[in-house]
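A.B. asks: After the sequence you'll find the predicted model.
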Amino acid sequence: MTAASQSAPRNRVAAPAPASPNPDRIAFLGAADGETGAGEPIVVQALCWPTVPEAWIGLNQAWRTLRIGRGNPSPYTPVAAGTSSWIRQCAPQLAEPFQGTAAAEESSVAALLARTPVQIAVSIHGLGRSSGATSPRTLSNCLVAYDRYLRGPLRRACTMLVCRSQSAETDRLYLKDLDQCRAQMAGATWLRDMQLQAWTDPVEPLPLELAQLAAASVMRHVLADGDRDPVFDAVSTKLTNDPFPRGWVAKTGRSSSRKRG
């Protein structure tokens, strides 16, 4: 089986979330593509949103504290191409404080994710009965899960959704999917105010890297027939939905489907 495809690391420095008077109302969408050993394409999307107003600010502060604590107060320096782990490929800034400690990289980044007050909705396309059922770029599964979350008390909807720009065609598909979701989810009035921003600047927000990391970890879990790692375990604790088709069985002989409240 092939590993999930990831963009090569780019020259990036840590950046705050996109300018907004309400950073707690910004959600981030990560995506990972891969294919099985049989050549079947799989797409994973991970929608991440804050559960407290200071979540994204806190993530940036925790990252800076980790860097300083490890004796690296200087500006972020990208890792040379070809020397990156899977985490550094999709989230180089989040992984950078742990550079040179590969054995602890996954557990350390997983701990940072676990401490961040976020929730995540994941959709998987191309796995089991979901294969070919919908557009591989549809946002509907993630947004339906987010809509269920918003029905809880004292929860405000995000008004901006940020994703990594991939290509002009893919960015247009995301916009088309969002329009289709508005039509299909007529009762989700918050979707009328949701704006999509495809992030083109080489300086990426840390929450966007976190979303990319979540998508990549789920992709790795799928392609490895259910093998788990610390990052996937951390992502699992944040999930608001069960993205795995009912009856999907990992090589461990256990279904990855779990009932969620």
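C.D. replies: Okay, I see it. Only a predicted model underlies this, so the values are computations on that prediction, with no experimental measurement involved.

A.B. asks: Helices along the stretch 151-261 of the chain, start to end?
C.D. replies: 168-184, 206-223, 230-238 (DSSP state H, counting those that start in this stretch).

A.B. asks: what stretches of the protein score poorly on pLDDT?
C.D. replies: Across the chain, residues meeting the criterion (pLDDT under 70) sit at 1-21, 72-83, 100-103, 128-138, 247-261.

A.B. asks: Quick one: closest of the helices of the stretch 151-261 of the chain to Q195.
C.D. replies: With CB to CB as the criterion, Q195 lies closest to helix 168-184 of those, at 8.8 Å. Glycine gets a C-beta too; all of them are placed from N, C-alpha and C.

A.B. asks: tell me what that closest one is packed against?
C.D. replies: helix 140-150, strand 195-199 (3 or more CB pairs under 8 Å, 6 or more residues apart in numbering; DSSP states H and E).

A.B. asks: just these: most buried one?
C.D. replies: Neighbour counts (mean count of other CB atoms under 10 Å) averaged over each of the helices and strands packed on helix 168-184 peak at helix 140-150, with a mean of 19.

A.B. asks: Need the contact partners of it.
C.D. replies: 27, 29, 45-47, 49, 119, 121-123, 134, 155, 157, 177, 180-181, 184-185, 188, 190-191, 240-241, 243 (CB atoms under 8 Å, 6 or more residues apart in numbering).

A.B. asks: quick one, that helix and helix 168-184 angle?
C.D. replies: Going by axes from the mean of the first three to the mean of the last three CA atoms, to 10 degrees, helix 140-150 is angled at 50 degrees with respect to helix 168-184.

A.B. asks: sorry, back to before: could I get the helices and strands packed on helix 168-184 as JSON lines with distance to P230?
C.D. replies: Shown next, in JSON lines, are those (distance: least, CB to CB, whole Å):
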{"stretch": "helix 140-150", "distance to P230": "23"}
{"stretch": "strand 195-199", "distance to P230": "27"}
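
A.B. asks: Nearest to Q93, out of those?
C.D. replies: Set against Q93 and scored by CB to CB, the helices and strands packed on helix 168-184 come closest in strand 195-199, at 13.6 Å.

A.B. asks: The closest one pairs with which strands, parallel or anti?
C.D. replies: Sheet partners assigned to strand 195-199 using DSSP bridges are listed as strand 160-164 (parallel).

A.B. asks: quick one: the partner strand to helix 206-223, angle?
C.D. replies: Strand 160-164 runs at 60 degrees relative to helix 206-223, counting by the same axes, to 10 degrees.

A.B. asks: contact partners of strand 160-164?
C.D. replies: Counting by CB under 8 Å, 6+ apart, 7, 17-18, 20, 25-31, 47, 174, 178, 194-199, 204-205, 207-208, 212 sit against strand 160-164.

A.B. asks: returning to that earlier point: which among the contacts of helix 140-150 end up buried?
C.D. replies: 27, 29, 45-47, 49, 119, 121-123, 157, 177, 181, 188, 190-191, 240-241, 243 (16 or more other CB atoms under 10 Å).

A.B. asks: Next up, the contacts around the residue of the chain positioned farthest from its centre.
C.D. replies: Distance from the centre of the chain peaks at G71, with 28.5 Å (CA atoms, centre = their mean). Applying CB under 8 Å, 6+ apart to G71 gives no contacts.

A.B. asks: so which helix or strand takes in it?
C.D. replies: Counting by DSSP states H and E, no helix or strand carries G71.

A.B. asks: Tally up the residues packed near the residue lying closest to I57 once chain neighbours are set aside, please.
C.D. replies: Leaving aside its sequence neighbours, I57 sits nearest to P23 (CB to CB, 6 or more residues apart in numbering; 6.7 Å). The tally of other residues near P23 (other CB atoms under 10 Å) stands at 19.
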